[in-house]
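S.K.: Here's my sequence, what's the structure:
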Amino acid sequence: LANIPLIIERGADWYRSIGAAKSCGPKIMCLSGHAKNPGNYEVPLGITFRELIFDLAGGIRADKALKAILPSGASAPILPATDAVLDTPLTYEDVPRVGSQLGSASIILLDESVDISWAVLKTMRFFKHESCGKCTPCREGTYWMDRLLERITNGRGNPADSNLLGEVAKQISGKCLCPLGDFSVSAVVSGLELFRNDFVQHMRTGNQMDEKLNG
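M.R.: Numbers count the residues shown, from 1 in each chain. Below you'll find the model as predicted:
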């Protein structure tokens, strides 16, 4: 809405001259997490993750390595901090090409110290709390994904739990009346696919504990 008076005053061609070919105009990027200088950055659509994070926001706190990016908060798949991702333009067309969505551009940065299974659990608790309860897949699915994630991160899980977690996510996706159910599975599915070792390490710990108790 804030752009409309300027478009009326200066014309559509002026507005199209800002940003990328299809995703034109400025965008407020809300950068949080482990950025050295978190905050709201109004930038032309089409700048890259790298330019936003390292040129404008000063990089990662304590100069740690960047591990993962949530481009649209908890509502879109997690991205690994690879060169291909970092060099991706922040547009509505380009971010989906690397496996996520720009959405509201509420970008969360996670450094190398973050356990992705813990981060996924935190997002799941949010969606479980926000579920209105009307749709059975969302109401029951977020509950069970929360329980499974808690069991895994507490070191009481086993490899079957990660497979079950993926199956529960499939039973939610595309079966809810509003997008919240679909949003709730994004971090789970992408986390398991891209950062499975972060989940496996807890299962290994749990199995070792069982061996000690039984041995």
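
S.K.: give me the low-pLDDT residue ranges for this structure?
M.R.: For the chain, applying pLDDT under 70 flags the ranges 204-215.

S.K.: Can you pull the phi and psi angles for the residue minimising distance to the centre of it?
M.R.: In the chain, the centroid-proximal residue (Cα atoms, centre = their mean) is Leu70; its distance is 3.1 Å. Per-residue torsions, Leu70: phi -110, psi 100 (degrees, to the nearest 10).

S.K.: Might you report the residue contacts of it?
M.R.: Shown in contact with Leu70 (Cβ atoms under 8 Å, 6 or more residues apart in numbering): Gly33, Ala76, Ile78, Leu79, Ile107, Ile108, Leu110, Ala187. Yep, even glycine has a C-beta here, placed from its N, CA and C like the rest.

S.K.: Please apply the same query to Phe199.
M.R.: If you count contacts by Cβ under 8 Å, 6+ apart, then Phe199 has Ile116, Ser117, Ile152, Gly157, Ser162, Gly191, Leu192 around it.

S.K.: In terms of helices and strands, where is it?
M.R.: Assigned by DSSP states H and E, Phe199 falls within helix 196-214.

S.K.: Could you double-check that Phe49 lies in contact with Leu90?
M.R.: Yes: between Phe49 and Leu90 a contact is recorded at 6.6 Å, counting by Cβ atoms under 8 Å.

S.K.: returning to that earlier point: among the contacts of Leu70, who's most crowded?
M.R.: Neighbour counts for those peak at Ala187, which has 29 neighbours (criterion: other Cβ atoms under 10 Å).

S.K.: Buried ones in the helix or strand it falls within, by neighbour count?
M.R.: If you go by DSSP H and E, Ala187 is part of helix 179-194. Buried residues in helix 179-194, counted by 16 or more other Cβ atoms under 10 Å: 180-192, 194.

S.K.: Could you pull out the helices in the chain for me?
M.R.: 4-10, 12-16, 49-50, 83-86, 94-97, 116-130, 136-153, 159-172, 179-194, 196-214 (DSSP state H).
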